[in-house]
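1. structure for the following, please:
(one chain, ligands or ions: 1)
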Amino acid sequence: MKDSAPVLEQLRATVAFAYAHVPYYRAQMKRLGLGPDDVTDLDTLRWLPLLNKRQAMHHQRDLAPDRPGADLVPRLSSGTTRDGSQVLLVQTHPDDRRPRPGRVSDEEGGRTLVLPNLHHGPPAPRHDAHVNLPLLPHANAFDQVARLLSRPEDAITRLLGSVTNITALTVWLLDAGVDLTATGVRDIGTNGSLLSAPWRRRLARAWNATLWDNYSLSEIPAVATTCDRCGALHFDDMPVLLELIDPLTEKVAPGPVAELVLTTLLPDVTGFPFLRYRTGDLVELSAARCERGAGFFVLGRAADAVLAMGAAGTEVWLSPRGLLDALDDEPAVDRHPVIHEQRGVVRPGVLGSPRATVVRAGDAVTLRVAVRAPFDEDAAEVAALAARVRSRLLAAHPAQGRATRRGAALHVEVHPAPPAARWRP
Ligand SMILES: [Zn+2]
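-> So this is what the prediction gives:
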């Protein structure tokens, strides 16, 4: 948490600005009997109410500062909060500092090959070697990538793309017999969806490259990027205050696993400052001390996480990332096919998210995992897989400091995968 004196001054300036220029915050603070001088540090910032995405959508006109020269810019949100892919009007001002692009595309030397997300994300920046994958992927696109990677004059040292495209490309190239360590690619940046620890290791080993992640929100002009020192994500494009709350009680959480709450700070964000904005994302605070401040890892949407009871009465979060980490190392687990597999571009059964569902009923939470034949016929193997997955989940993400004990007993059930669903174009 950045709580050094300059950040405190920026926080106080931000609250004073919000009180003077943002009708929503002025009304909230007046309702609570607070003036801008009452917020003197991070503890007193917590007197202000949290703001979630639904509230921000509803009050967006009152969240825009009354400043001359500002422009309301519509931003289409991704819809992963399940509040719909709604347009949020974000006000920008000429005084706002533009965030730097992510580290991977920002470096000098070498070229970046961009494999954009098929359905989501900003337009890819212009690069010398830029392959636009068609909406329905075709092996020809990967042929082009292979040709670009094999030509030394193209000097491609970085790949940037969605998790699905990067993993599909890797499987395709390996199956084609390409030695990826000889391509010169040394950095791989992924976006779009969560990359599990097993896939991270697989990609790093196959390419002999460093993996870079980033984290951003449609509504906040700041990007967190992977730190080359501690490996966690830091917001370093512009000053952002991090808080952690328990997503169920909304109380301040001691960590390490909690929902991320952000406050954007002046002087970088004057167009649309957010105070105590709930990201809806469950994160794990990095235990490593780093000179760049607090670092974190993204575990997925808090709404998709459930509490289970771990050993000795302690609670653990079952998060999307935790489930991926626990299941992506199990080749017997069936997978939802990705479009590259459905189209026959890469062999099926390797990519895609594990076929598993979490069912919470009463005092129990059950993870139902589908495995492929003939693995499902060996009872001892099935029981061992269930025990392995359960112990990995219970060891992964402790929910410390919760006052209530609402975690449910965790059961892992393994059953045969349904007959392969045939995809029709
Ligand atoms: Zn760091």
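
2. all helices for the stretch 151-300 of the chain, in order.
-> For the stretch 151-300 of the chain, the helices defined by DSSP state H, counting those that start in this stretch cover 163-175, 197-207.

3. buried residues in the longest one?
-> Meaning helix 163-175. Buried residues in helix 163-175, counted by 16 or more other CB atoms under 10 Å: 163, 164, 165, 166, 167, 168, 169, 170, 171, 172, 173. C-beta: built from backbone N, CA, C; applies to glycine.

4. now do the fourth one against the ion, distance only.
-> From residue 166 over to the ion the distance is 23 Å, taken as CB to the ion, to the nearest Å.

5. what would the buried residues of helix 163-175 look like in CSV with pLDDT?
-> Shown next, in CSV, are those (pLDDT from 0 to 100):
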residue, pLDDT
163, 89
164, 88
165, 88
166, 92
167, 94
168, 92
169, 92
170, 95
171, 95
172, 93
173, 94
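
6. got the contact list for residue 364?
-> Applying CB atoms under 8 Å, 6 or more residues apart in numbering, we find residue 364 in contact with 408, 409, 410, 411.

7. let's go with 6 Å and repeat that
-> Residues near residue 364 by CB atoms under 6 Å, 6 or more residues apart in numbering: 408, 409, 411.

8. any idea what it is bridged to?
-> Residue 364 has these beta-bridge partners by DSSP bridges: residue 361, residue 409.

9. ok so, going back, may I see the ChimeraX selection of the buried members of the contacts of residue 364?
-> Listed next is the ChimeraX selection for buried residues among the contacts of residue 364, using 16+ other CB under 10 Å:
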select :408
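
10. rewinding a little: wait, which of the helices of the stretch 151-300 of the chain is closest to residue 290?
-> In terms of CB to CB, the element of those nearest to residue 290 is helix 197-207, at 19.1 Å.

11. mind listing what's buried in the closest one?
-> For helix 197-207, burial by neighbour count (16+ other CB under 10 Å) applies to 197, 199, 200, 202, 203, 206, 207.

12. closest to the ion out of those?
-> Among the buried residues of helix 197-207, residue 200 lies closest to the ion (CB to the ion), at 16.8 Å.

13. nearest to the ion: which residue in the stretch 301-425 of the chain?
-> residue 321 (18.9 Å).

14. could you list every residue that touches that residue?
-> Contacts were defined as CB under 6 Å, 6+ apart; by that measure residue 321 touches 194, 299, 300.

15. any idea which of the contacts of residue 364 the model trusts least?
-> Within the set of the contacts of residue 364, pLDDT is lowest for residue 408 (84).

16. residues in a beta bridge with the most centrally placed residue in the chain, which ones?
-> Centre of the chain computed as the mean C-alpha position; nearest residue by CA atoms, centre = their mean is residue 298, 4.9 Å away. Note on residue 298: beta-bridge partners by DSSP bridges are residue 283.

17. and it, how close does it get to residue 353?
-> Computed as CB to CB, to the nearest Å, the residue 298 to residue 353 distance reads 16 Å.
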